[in-house]
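> how would this look folded up:
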Amino acid sequence: IHNLTEAAGGNYRCEVSGEAPVFKTSSDSALLIVVDLPDEQPRIIEDGVGPYRLQQLITVNCTSHGARPAPNLTFYINDESVDPTWDSRELVFVNETSGLETAVKSLQFPLRLTMVQLDGLQVKCVASIPEMYWLSSETTLSVELPHNYSHLFGSQGSVSYSSSQKTATHTPLLSTLVFLASRLLW
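Residues are numbered from 1 along each chain as shown. Sure, this is the predicted structure:
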């Protein structure tokens, strides 16, 4: 089957009959669902502008455009599942002209020290349709730790991460200590 449209979806039945004189007949039916997958990966948009500070409430939105059915959206922070109370219910909007659907979901969480990794804070959004489609996008949020947190890592000054450069400004010893502390405190 080629060049299907959504109108081609529905219940299909196949029937096979034997030859005379018995004419034994067998049939089966199945539901055919025509899926229109998104043409692009999901989009992540930060509600604010970094660098973010500890305990600051961060909001990130994820959108997947032009599909039918709309994919499920799932958030991850540093490749870990997020607290279910942090993400909103997924909303689906239908384009009246094309019939295609857009899924939108928000993630809102307080920035914790345990979330900070060497290259910042990774937020990933996965758009998926079970057994058919999986595509993700991720962004690195810029994080700034104030001077009064430096005693936790045995160094003077602050650690500042940049999402645009995807590099961290720090000493090698401080890098190791930040990583170990984030693992212990998580």
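
> helix/strand/coil for the residue lying farthest from the centre of the chain?
In the chain, the residue that sits farthest from the middle, by CA atoms, centre = their mean, is residue 21; the gap is 60.5 Å. Three-state assignment for residue 21 (DSSP: H, G, I helix; E, B strand; the rest coil): coil.

> can you give me phi and psi for it?
Phi and psi for residue 21, reported as degrees, to the nearest 10, are phi -90, psi -10.

> how about it, what does it touch?
Taking CB atoms under 8 Å, 6 or more residues apart in numbering as the criterion, residue 21 is in contact with no other residue. C-beta here means a position set from N, CA and C on the backbone, and glycine is covered the same way.

> quick one: pLDDT of it?
According to the predicted model, the pLDDT of residue 21 comes to 81.

> swap in residue 137?
Residue 137 is given a pLDDT of 96.

> Am I right that it falls within a strand?
Yes: Residue 137: assigned to a strand according to three-state DSSP.

> who does it bridge with?
residue 125 (DSSP bridges).

> Test my guess that it contacts residue 45.
No: counting by CB atoms under 8 Å, residue 137 stays clear of residue 45, with 10.3 Å between them.

> Mind listing the shared neighbours of the two?
Contacts common to residue 137 and residue 45, judged by CB under 8 Å, 6+ apart, are residue 62.

> Those two: which is more packed in?
residue 137 (17 against 11; other CB atoms under 10 Å).

> Please name the residues that touch that one.
Taking CB under 8 Å, 6+ apart as the definition, contacts of residue 137 comprise 41-44, 62, 124-125.

> ok, the residue positioned nearest the centre of the chain - contacts?
Geometric centre of the chain, nearest residue: residue 125, 1.3 Å, by CA atoms, centre = their mean. Residues near residue 125 by CB under 8 Å, 6+ apart: 42, 44, 60, 62, 73-76, 105, 136-138.

> Helices of the protein, residue ranges please.
Here the chain has its helices, by DSSP state H, at 172-185.

> Give me the residue ranges of it where confidence is low.
Applying pLDDT under 70 to the chain flags the ranges 118-119, 146-186.

> now do 50
For the chain, residues meeting the criterion pLDDT under 50 lie at 153-186.

> Which stretches in it count as strands?
10-17, 25-32, 43-46, 57-67, 72-77, 80-81, 91-94, 101-110, 121-129, 133-141, 160-162, 167-169 (DSSP state E).

> Can you list the strands that the longest one pairs with?
Partners of strand 57-67 in the sheet, by DSSP bridges, are strand 43-46 (antiparallel), strand 101-110 (antiparallel).

> could those strands go into TSV alongside distance to residue 55?
As requested, the strands paired with strand 57-67 are exported to TSV (distance: least, CB to CB, whole Å):
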stretch	distance to residue 55
strand 43-46	17
strand 101-110	6
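
> what about the ones you listed, which gets the closest to residue 142?
Ranking the strands paired with strand 57-67 by proximity to residue 142 (CB to CB) places strand 43-46 first, at 9.4 Å.
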